[in-house]
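> I need the structure of the sequence given here:
(2 chains)
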Amino acid sequence: DTGVSQNPRHKITKRGQNVTFRCDPISEHNRLYWYRQTLGQGPEFLTYFQNEAQLEKSRLLSDRFSAERPKGSFSTLEIQRTEQGDSAMYLCASSLDSWDSRYSYEQYFGPGTRLTVT
Amino acid sequence: AQRVTQPEKLLSVFKGAPVELKCNYSYSGSPELFWYVQYSRQRLQLLLRHISRESIKGFTADLNKGETSFHLKKPFAQEEDSAMYYCALSGNSNSGYALNFGKGTSLLVTP
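Okay, the predicted model is just below:
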């Protein structure tokens, strides 16, 4: 499978614990995005990487959240001191660079990691 | 501020009936709009985008800047069209073209 992969697919944790998720994008894709989706909502943008550089963060990304993309390949999203409000589906997407600043390329989504904080 | 509104949470139609999934947006610049679909137990995938002007699986969507709408239409619904549909607006290059999604509409096509 050459699509975007995410691990783990499900994570149950107790409040206050730290969790880390991994995303492996499509290999030639420079851009990588993290989104969060809660019940009844569409995905909400968290952050994005251009190669290894984290270039944009949403106000949704509190200080407890940190994301990395070492060497511009896979990415990790860590949540420290989890809270029940962090329970959500965390989606990763990747895309190619846009050659024309007017347009973007298609984002390919992973299957997501479902986090449940008890 | 960017906003995408999908007014219907659930839309139920009979097989063979026309379908229209509504999407309205607010955006100060020149918008780039998409429809994404999520079938049961599958990942989110692109259905169509306004700049390509394609018809995918019989679906079309026309950008109406005057009404700030990008409604998704299909003349004859099929049972396999049952899925969750999300309208999305692309941000600009500063945000890496991050997508701003609506809340989604669940389409149910019954025989």
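> C-alpha only now, for contacts and for neighbours.
Will do.
> what residues does chain A have near chain B?
With C-alpha under 8 Å from any C-alpha of the partner chain as the criterion, chain A meets chain B at residues A:31, A:33, A:40-45, A:48, A:50, A:55-56, A:101-104, A:106-112.
> any quick ChimeraX command for the buried ones out of those residues?
With 16 or more other C-alpha atoms under 10 Å in any protein chain shown as the criterion, this ChimeraX line picks the buried residues out of the residues of chain A next to chain B:
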select /A:31,33,42,43,44,45,48,50,56,103,104,106,107,108,109,110,111,112
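> and the residue of chain B closest to chain A?
Closest residue of chain B to chain A, C-alpha to the nearest C-alpha: B:Lys103 (4.3 Å).
> send me stretch B:47-56 as PDB with only the CA atoms.
What follows is stretch B:47-56, C-alpha atoms only, in PDB (Å, rounded to 0.1, in the frame of the first residue of the first chain):
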ATOM      1  CA  LEU B  47     -14.300  13.600  -5.200                       C
ATOM      2  CA  LEU B  48     -13.800  16.800  -7.300                       C
ATOM      3  CA  ARG B  49     -12.400  20.300  -7.300                       C
ATOM      4  CA  HIS B  50     -13.900  23.300  -9.000                       C
ATOM      5  CA  ILE B  51     -10.800  24.200 -11.100                       C
ATOM      6  CA  SER B  52     -10.900  20.800 -12.900                       C
ATOM      7  CA  ARG B  53     -14.500  21.200 -14.000                       C
ATOM      8  CA  GLU B  54     -14.800  17.400 -14.200                       C
ATOM      9  CA  SER B  55     -17.700  15.100 -13.600                       C
ATOM     10  CA  ILE B  56     -16.700  12.300 -11.200                       C
END
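> buried residues in that stretch, which are they?
B:Leu47, B:Leu48, B:Arg49, B:His50.
> ok now it, how far from the chain's centre?
The chain centroid and the centroid of stretch B:47-56 are separated by 10 Å under C-alpha atoms, centre = their mean, to the nearest Å.
> and the contacts of that stretch?
Contacts to stretch B:47-56, defined as C-alpha atoms under 8 Å, 6 or more residues apart in numbering or on different chains, come from residues B:Glu32, B:Leu33, B:Phe34, B:Trp35, B:Tyr36, B:Val37, B:Thr60, B:Ala61, B:Asp62, B:Leu63.
> how about residues contacting the biggest strand by length in chain B?
Ordering each strand of chain B by length in residues (DSSP state E) puts strand B:83-90 first. The contact list for strand B:83-90 (C-alpha under 8 Å, 6+ apart) reads A:42, A:104, B:2-4, B:6, B:23, B:25, B:31-40, B:97-108.
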